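Novice: 3D, please:
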Amino acid sequence: MRLSRRLVFPRNAGKRSHKKARVLSSRLRRWVYGTLLSGAVTVAATIYIDFGNLKSKAVALIRDGVEFTSNATGLVVNDVLVEGRARTKKYDLLEALQVSMGVSILQLDIEKIQNRIRELDWIENARIERRLPDTLFLSITEREPTALWQKEGRLSLIDRYGTIILDGKRHNLEQFRHLPVVIGDKAPFIAGAFLAVLSSEPKLFARVKSITLVSGRRWNVRLDNHIDIQLPEKNPAKAWAHLAKVERGHNILKKDVVAVDMRLQDQFIIRLIPTSEPRSKKPGRST
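Specialist: Residues are numbered from 1 along each chain as shown. As a prediction, the model looks like this:
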């Protein structure tokens, strides 16, 4: 039924008829508006009440449709390719993946899988991509072991950023004993950059056993024969290069030296063992 908002009355009607017509027209408009509004509210309420149920059903239908389509077209996981794995255990990686063969490749939550993999000890970064029709490609970047951080008598394996890779309390770190030991609460976070400076002199760096951050400002370096090198706060790279040059020319770090103090600019102080006996004697000679 169609209602017109405009009503037409006979031309010969009097003023009273005109007034009644206006009143009737006004009442009719209010009735029409009220009816339409009431109907709209009723429909909206019905839609709102059933929306939650409708939404869940729609999601289920879409999910089932995707799964059916994936199975029908062969878009299911049949293979997982991994690139970059060296130290991460295969079992740990599979546990983090949580992907079964034959599941729909389109329904996998790639972001969640990547985040789970990034939580593994050795993983620095991970990226997963679908290679349709049936392959997951996983590219991982593993952390590079840089040093052993000593804190409260316990060692932890760290990378160049100071991130703990393995806790010595839970893991055997024997295979990493060749790495330098880092000492100091804040030392791990800046040790990577300092070790890069030391590695600029490879022959001397090979003798480094530990580095200690002093007062959060400068470093002491202990060599394999227990000689301590006290480097300056400013420009330690220059001091380290100078020490390497002196060592190449004079072989000072194989003599009876206990420490080399380079904290003051343009000063090179060598401290000897404070005893009458040298650190080592050559056979057949007396002192």
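Novice: what about the nearest residue to Val181 once chain neighbours are set aside, which helix or strand?
Specialist: Closest residue to Val181 apart from its sequence neighbours, by Cβ to Cβ, 6 or more residues apart in numbering: Ser210 at 4.0 Å. For glycine as for every other residue, the C-beta is placed from the backbone atoms N, C-alpha and C. Using DSSP states H and E, Ser210 sits within strand 208-214.
Novice: Only the C-alpha atoms, please, for stretch 94-108, written as PDB.
Specialist: Listed next in PDB are the C-alpha coordinates belonging to stretch 94-108 (Å, rounded to 0.1, in the frame of the first residue of the first chain):
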ATOM      1  CA  LEU A  94      58.500 -27.900  14.700                       C
ATOM      2  CA  GLU A  95      57.000 -27.200  18.100                       C
ATOM      3  CA  ALA A  96      56.900 -23.500  17.300                       C
ATOM      4  CA  LEU A  97      55.400 -24.000  13.900                       C
ATOM      5  CA  GLN A  98      52.500 -26.000  15.100                       C
ATOM      6  CA  VAL A  99      51.500 -26.900  11.500                       C
ATOM      7  CA  SER A 100      50.300 -30.300  10.500                       C
ATOM      8  CA  MET A 101      50.600 -31.700   7.000                       C
ATOM      9  CA  GLY A 102      47.400 -31.500   5.000                       C
ATOM     10  CA  VAL A 103      45.900 -28.400   6.700                       C
ATOM     11  CA  SER A 104      44.600 -25.600   4.600                       C
ATOM     12  CA  ILE A 105      47.500 -23.300   3.600                       C
ATOM     13  CA  LEU A 106      45.200 -20.300   3.300                       C
ATOM     14  CA  GLN A 107      43.900 -20.600   6.900                       C
ATOM     15  CA  LEU A 108      47.300 -20.400   8.600                       C
END
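Novice: List the buried residues for that stretch?
Specialist: Neighbour-count burial for stretch 94-108, with 16 or more other Cβ atoms under 10 Å as criterion, is recorded at Ala96, Leu97, Val99, Ser104, Ile105, Leu108.
Novice: What of stretch 219-235?
Specialist: Buried, per 16+ other Cβ under 10 Å, within stretch 219-235: Trp219, Asn220, Val221, Arg222, Leu223, Ile227, Asp228, Ile229, Gln230, Leu231, Pro232.
Novice: Not counting that stretch itself, show me its contacts.
Specialist: With contacts defined as Cβ atoms under 8 Å, 6 or more residues apart in numbering, stretch 219-235 is touched by 194, 198, 207-214, 217-218, 236, 239-240, 243, 253-254, 257-265, 279.
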